[in-house]
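**Student:** Prediction below, plus the sequence it came from.
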Amino acid sequence: MTRYIILLIFSLTICTQAFGQNFYWIAFTDKNGTEYSFSSPGAYLSERAIQRRIQQNIPIDSLDLPVNKTYIDSVLTLDVVYVHSSKWLNGMTVKTEMDQLDTLLLPWSFISEVQKTKPGQTTKSATRKFAEEMVSEAEPIDTSVYGASVYQVGMMEGQFLHNMGYKGDGIQIAVLDAGFLKANELPAFDSLWANNQVLGTRDFVDPQSDFYSTNYHGMSVLSCMGGNYPGKLIGTAPEASYWLLRSEDNNSEYILEEDNWVAAAEFADSVGADIINSSLGYSTFDDQQTNHIYADMDGKTTRVTKAANVAASRGMLVFASAGNERDNSWFRIVAPSDGTGVIGVGAVDKNLYPAYFSSAGPAADGAIKPNLAALGYRSIVQLSGGAIGQSNGTSFSSPILAGIAACLWQRYPGKSATEIKDALEKSGSKYFSPDSLVGYGIPNMRTASAILDPLSINVSKTNNRWKVFPNPVADYLVLEQNGMFSSSEVQLDLYTIDGRLKKQWVYPGAQRIEVNNWAAIENGLYILRIRTATETATVKVNKIK
């Protein structure tokens, strides 16, 4: 079931028959004879997309080349209408009144697969995928410009970055969702429009739609990142720029929507977006023949997950809601949050406990999923009626995390997407003991900054609880912690003075730790980062013979 990742309050079961055209996914065998080349990427990628690859040492490869136009034109000689194509998965989507296009196309030598992704005759349910949930209006908080949203930002120490001026400026976020109802007029978005931070829109469901009159869901998702309503709601990336991309049809649940997602993600890549947030998930559908099973949640099987992995491999950060399935029969994470390169995001409440609905991992191949978690129970969002309210779902924990990641990347623009992802995970509150509900836990921006730049931490303020001796060190080093010790593990990272990781150790939690084998380490000044589940400390260490 495709589920807009927000907790449903009610469902209606009135059904009507809808008649229309059949949609098909057509996969090609190769890209032979393409008119495009690796040497001229400007023909199919924006300069910003090219620079992203250059900065992260990512070569242009065959996945970047558009689909062979000859193959597309050959298909279009039939009584079909072009919908969109995928260079990453090497195929195209068409619509037609023909009911058995697969029988006609499969004999063609350059076609490897044909799948009906949405039938012309559908059962259109009056059930809404998600109903706008207003738990209550946000309670006034007079101690912060953040209003009640202070909790969702502060849980990750987001103000650590905001207070230094890192609010996402220069970072582009593509929001893949179901609609952005009234996002052009609601108060939380005034500054986005005043500062030209909405870079563009695209509707992959119905290009002729009135874009800001569709579904509300993406609007509320956007408010978690780009909202700027002082005293009521401050998003995690209020100064980032946004691409608003509609890929989800609220009126049906067919695998076609995965292909819409793929097209939207490729668009995001081509225009040069840095981050994708997807508060969408896929598991089962109205056409049960296309249902996924848990074994498909292995990080590499579904089309939407394959595309999400490719997006990550192009140097983008990809955030995806883990799903709201733990309180129903599916229970597990949904695609594309299972992707090996994707940051799947679970939900917690204000007390840091996993939300009762947040989908459980791991991925079917055993990988840690979700990767991280943020506030998703009673998150503060913009509602379509104009109020700032509380709403539930991993739909909101994902953008809350995506937005603060934009701020972290703004601070460290020279780091790759992989390095940012790694720092977020290593900064997680459960990094030493990840589980199937929150993964590595709730990320901490102060800790993530220390991981990306050990020299950024004020040593004199972070080593108060640790006694480190002898210093200078020759053969061994002793660490003693002042006060009660409760962590199950201690990780030690030794960095050179210019920030290069030299050596790592992991020890069982103890009041006193002795680190041996220093004789093999070259003489010089180092920075030792001491990491437990609850704190990070750093100390300068001088190695001598």
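**Tutor:** Happy to help now that I have it.

**Student:** is it true that residue 294 touches residue 364?
**Tutor:** Yes - taking C-beta atoms under 8 Å as the definition, residue 294 is a contact partner of residue 364 at 5.6 Å. Using the backbone N, CA and C atoms, a C-beta is placed for each residue, glycine as well.

**Student:** Count the residues that sit near residue 157.
**Tutor:** 19 (other C-beta atoms under 10 Å).

**Student:** next one: residue 152
**Tutor:** 29.

**Student:** repeat for residue 524
**Tutor:** 12.

**Student:** check contacts around it.
**Tutor:** 496, 497, 542, 543 (C-beta atoms under 8 Å, 6 or more residues apart in numbering).

**Student:** Taking the residues you listed, tell me the two that lie furthest apart.
**Tutor:** Spanning the widest gap among those are 496 and 542, at 12.7 Å by C-beta to C-beta.

**Student:** mind checking which helix or strand the nearest residue in space to residue 244 that is not next to it in sequence is in?
**Tutor:** Leaving aside its sequence neighbours, residue 244 sits nearest to residue 201 (C-beta to C-beta, 6 or more residues apart in numbering; 4.6 Å). Assigned by DSSP states H and E, residue 201 belongs to strand 198-203.

**Student:** strand partners of that strand, parallel vs antiparallel please.
**Tutor:** Paired strands of strand 198-203, with direction, are strand 241-246 (parallel) (DSSP bridges).

**Student:** centroid residue for the protein?
**Tutor:** In the chain, the residue lying closest to the centroid (C-alpha atoms, centre = their mean) is residue 319, at 0.4 Å.

**Student:** quick one: which of residue 294 and residue 364 has more around it?
**Tutor:** residue 364 (19 against 14).

**Student:** Need the three-state assignment for that one.
**Tutor:** coil (DSSP: H, G, I helix; E, B strand; the rest coil).

**Student:** what's the neighbour count on the nearest residue to it once chain neighbours are set aside?
**Tutor:** In this structure, residue 364 finds its nearest non-sequential neighbour in residue 298, 4.1 Å apart by C-beta to C-beta, 6+ apart. Neighbours of residue 298 under the rule other C-beta under 10 Å: 18.

**Student:** list the contacts for residue 298?
**Tutor:** Per C-beta under 8 Å, 6+ apart, neighbours of residue 298: 338, 363, 364, 365.

**Student:** could you pull out the helices for the stretch 401-545 of the chain?
**Tutor:** 417-426, 445-452, 459-462 (DSSP state H, counting those that start in this stretch).

**Student:** for the record, mean pLDDT for the second one?
**Tutor:** Mean pLDDT, helix 445-452: 89.

**Student:** Give me the pLDDT value at the residue nearest to residue 364.
**Tutor:** 98.

**Student:** Quick check: which element contains residue 219?
**Tutor:** helix 217-226.

**Student:** moving C-terminal of that helix, what's the next helix or strand?
**Tutor:** Next along from helix 217-226, by DSSP H and E: strand 228-229.

**Student:** packing partners for that next one?
**Tutor:** Contacts defined by 3 or more C-beta pairs under 8 Å, 6 or more residues apart in numbering; DSSP states H and E place strand 228-229 against helix 190-194.

**Student:** how does it look with 7 Å?
**Tutor:** Judged by 3 or more C-beta pairs under 7 Å, 6 or more residues apart in numbering; DSSP states H and E, strand 228-229 has no packing partners among the helices and strands.

**Student:** For residue 270, what is the enclosing helix or strand?
**Tutor:** helix 256-271.

**Student:** outside of that helix, which residues touch it?
**Tutor:** 2, 23, 25, 45-46, 49, 84, 86-89, 93, 117-118, 174, 176, 202, 204-205, 243, 245, 247-249, 276, 280, 282, 302-304, 307-308, 311, 314, 316 (C-beta atoms under 7 Å, 6 or more residues apart in numbering).

**Student:** What subset of those is buried?
**Tutor:** Using 16 or more other C-beta atoms under 10 Å as the burial test, those include 2, 23, 25, 45, 49, 84, 86-89, 93, 117-118, 174, 176, 202, 204-205, 243, 245, 247-249, 276, 280, 282, 302-304, 307-308, 311, 314, 316 as buried.

**Student:** Which ones among those map onto strands?
**Tutor:** 23, 25, 84, 86, 93, 117-118, 174, 176, 202, 243, 245, 276 (DSSP state E).

**Student:** Just put those residues in CSV and tack on distance to residue 427 and pLDDT.
**Tutor:** Below are these laid out as CSV (distance: C-beta to C-beta, whole Å; pLDDT from 0 to 100):
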residue, distance to residue 427, pLDDT
23, 42, 98
25, 39, 99
84, 37, 98
86, 34, 99
93, 39, 99
117, 39, 98
118, 42, 97
174, 24, 99
176, 25, 99
202, 33, 98
243, 27, 99
245, 29, 99
276, 21, 99
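
**Student:** low pLDDT regions in the chain?
**Tutor:** 1-19, 123-143, 455-464, 483-487, 498-499 (pLDDT under 70).

**Student:** can I see the domain layout of it?
**Tutor:** Domain segmentation of the chain under automatic domain parsing yields 16-125, 147-451, 457-543.

**Student:** any idea which of these is most buried?
**Tutor:** Among these, domain 147-451 has the highest mean neighbour count (mean count of other C-beta atoms under 10 Å), at a mean of 23.

**Student:** what's the span of it, first residue to last?
**Tutor:** Domain 147-451 has an end-to-end distance of 30 Å (criterion: C-alpha to C-alpha, to the nearest Å).

**Student:** isn't residue 345 right next to residue 379, touching?
**Tutor:** No - using C-beta atoms under 7 Å as the test, residue 345 is too far from residue 379 to be in contact (11.8 Å).

**Student:** any common contacting residues for the two?
**Tutor:** Residues touching both residue 345 and residue 379 by C-beta under 7 Å, 6+ apart: residue 397.

**Student:** Would you convert the helices of the stretch 401-545 of the chain into a markdown table that also reports distance to residue 70?
**Tutor:** Below are these laid out as a markdown table (distance: least, C-beta to C-beta, whole Å):
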| stretch | distance to residue 70 |
| --- | --- |
| helix 417-426 | 34 |
| helix 445-452 | 46 |
| helix 459-462 | 61 |
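
**Student:** Just tell me which of those helices ends up closest to residue 146.
**Tutor:** With C-beta to C-beta as the criterion, residue 146 lies closest to helix 445-452 of the helices of the stretch 401-545 of the chain, at 14.6 Å.

**Student:** Can you give the distance of the closest one from its chain's centre?
**Tutor:** 19 Å (C-alpha atoms, centre = their mean, to the nearest Å).

**Student:** same check, this time on stretch 336-351
**Tutor:** On C-alpha atoms, centre = their mean, the centre of stretch 336-351 falls 8 Å from the chain's centre.

**Student:** change the start of the numbering to 57 and stick with it
**Tutor:** All right, first residue 57 from here; so that's stretch 392-407.

**Student:** Need the distance between the two termini of it.
**Tutor:** End to end - C-alpha to C-alpha - stretch 392-407 spans 27 Å.

**Student:** ditto for stretch 293-304
**Tutor:** This stretch, stretch 293-304, spans 24 Å end to end (C-alpha to C-alpha).

**Student:** Tell me the secondary structure at the residue nearest to the centre of the chain.
**Tutor:** strand.

**Student:** Which residues does it form beta bridges with?
**Tutor:** The partner residues for residue 375, given DSSP bridges, come to residue 333, residue 399.

**Student:** In the sheet, which residues pair with the closest residue in space to residue 258 that isn't next to it in sequence? Tell me.
**Tutor:** Leaving out its chain neighbours, the residue that sits closest to residue 258 by C-beta to C-beta, 6+ apart is residue 301, at 5.2 Å. Beta bridges link residue 301 to residue 232, residue 258, judged by DSSP bridges.

**Student:** Residue 301 against residue 228, yeah?
**Tutor:** No - between residue 301 and residue 228 there is no contact under C-beta under 7 Å: 11.9 Å.

**Student:** overlap in contacts of those two?
**Tutor:** By C-beta under 7 Å, 6+ apart, no residue touches both residue 301 and residue 228.
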